[in-house]
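A.B. asks: need a structure here:
(one chain, ligands or ions: 2)
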Amino acid sequence: ILKNLVVAIDGPAGAGKSTVAQLAAKQLGYTYIDTGAMYRAVAWKTLQQGQEVTDELILEVVKNIDVNLQYADGKTKVTVDGTDVSAAIRTPEVSGIVSQVAALGPVRVKMVDLQRKMAERGGVLMDGRDIATNVLPNADVKIFLTASIEERAQRRWKELQQKGYDMTLEKLQQDIAARDKADSEREISPLVQAEDATLLDTTGLSIDEVVARILSMCQ
Ligand code: CDP
Ligand code: CDP
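C.D. replies: Ligands and ions are numbered 1, 2, ... in the order given. From the prediction side, this is the model:
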């Protein structure tokens with residue numbers, strides 16, 4: 001088994017980051033840290049307020065939120081103020097406001113602080129948008145995972161169908177493209193490939209092929 005490496009995986013929505021990171025974590029006996037889940041948790045609590053979503057409301061919510069991430073038995077459990085929101089944070093409603101939430105400085109400061117603490121002891125794979133560039137700039141392995149927008153939308157669409165959501169592929173592709181644009185163009189820690197990251201285009205690759213490449217990079 002490899003020593004306790006720190007592995008950073010960044011990339012746009014639907015590239016396969018969480019899927020392959022979880023499988024690689026299992027193989028390596030590492031902890032997987034889903035940073036997107038933390039921004040989704042803040043977005044979920046904001047929606048729970050039942051008010052118009054404004055930056056002011058989001059900043060009020062993040063002041064008092066207790067977001068907790070636990071990784072056990074190959075699964076991530078996310079809690080907000082003690083409530084399990086692991087499934088609730090995956091809805092299109094949450095996806096629809098999460099980029100607005102994640103663009104705010106005070107939100108990022110609080111989440112990044114927690115993320116760095118979780119990675120302190122190494123033996124972690126962390127995925128997100130700014131892991132290699134900002135959260136863990138000294139990571140041992142940096143991977144920028146991507147795939148064509150068509151393939152990413154198709155992957156996400158299949159997931160939504162399985163969960164019983166009724167959304168057209170076209171609408172989903174537009175939503176994903178809009179979120180990628182917002183994440184890439186925001187001022188604070190935008191989504192960008194780190195200079196020292198390895199680009200891994202997963203278009204047409206199977207999950208197992210991607211996991212194998214990541215494991216060989218770690219080797
Ligand atoms: O799984 P999916 O790619 O749909 O998104 P996610 O990884 O759950 O992240 C949701 C959102 O959180 C992203 O669209 C970003 O706006 C934000 N995010 C971020 O700003 N920084 C991170 N390190 C991770 C996520
Ligand atoms: O975390 P991220 O948003 O980057 O992607 P994800 O939540 O892991 O979703 C990727 C989806 O594409 C999942 O349904 C995977 O089963 C599927 N997939 C993949 O992850 N990698 C491939 N090479 C092919 C399909």
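A.B. asks: near ligand 1, which residues of this structure?
C.D. replies: By CB under 6 Å from any ligand atom, the residues of the chain that approach ligand 1 are 13-14, 18, 35-37, 39-40, 98-99, 102, 128-131, 179, 183. For the C-beta atoms, the positions are set from N, CA and C on the backbone; glycine is no exception.
A.B. asks: number of nearby residues for residue 65?
C.D. replies: Residues near residue 65, counting by other CB atoms under 10 Å, number 18.
A.B. asks: for residue 8, helix, strand, or coil?
C.D. replies: Put simply, residue 8 is strand when judged by DSSP: H, G, I helix; E, B strand; the rest coil.
A.B. asks: over to residue 145?
C.D. replies: Reduced to three states by three-state DSSP, residue 145 is strand.
A.B. asks: what of residue 189?
C.D. replies: Going by three-state DSSP: residue 189 is coil.
A.B. asks: up against ligand 2, what does this structure have?
C.D. replies: Within reach of ligand 2 by CB under 6 Å from any ligand atom, the chain has these residues: 11, 13-20, 155, 159, 202, 205-207, 210.
A.B. asks: now the residue most central in space within the chain: which helix or strand?
C.D. replies: Centrality entry for the chain: nearest residue to the mean C-alpha point is residue 36, 3.1 Å, by CA atoms, centre = their mean. With secondary structure defined by DSSP states H and E, residue 36 is part of helix 35-48.
A.B. asks: which residues are contacting that helix?
C.D. replies: Outside helix 35-48, the residues that touch it by CB atoms under 8 Å, 6 or more residues apart in numbering are 18, 53, 57-58, 61-62, 65, 67, 69, 76, 78, 80-81, 85-86, 88-90, 93-95, 97-98, 101-102, 107, 111, 114-115, 126-129, 131, 135.
A.B. asks: taking their axis directions, that helix and strand 6-10 sit at what angle?
C.D. replies: Put simply, helix 35-48 runs at 60 degrees to strand 6-10, going by axes from the mean of the first three to the mean of the last three CA atoms, to 10 degrees.
A.B. asks: count the neighbours of the nearest residue to residue 49 once chain neighbours are set aside for me.
C.D. replies: Nearest non-adjacent residue to residue 49, counting by CB to CB, 6 or more residues apart in numbering: residue 57, 6.2 Å away. Neighbour count of residue 57, defined by other CB under 10 Å: 14.
A.B. asks: okay, buried residues for the strand or helix carrying residue 57 please.
C.D. replies: Assigned by DSSP H and E, residue 57 belongs to helix 55-63. Within helix 55-63, the residues scored as buried using 16 or more other CB atoms under 10 Å are 58, 61-62.
A.B. asks: please enumerate the helices of the protein.
C.D. replies: Counting by DSSP state H, the chain has helices at residues 17-28, 35-48, 55-63, 92-102, 105-119, 149-162, 169-185, 207-218.
A.B. asks: now, of those, which is deepest in the fold?
C.D. replies: helix 35-48 (a mean of 23; mean count of other CB atoms under 10 Å).
A.B. asks: spit out the contact partners of residue 154.
C.D. replies: residue 169.
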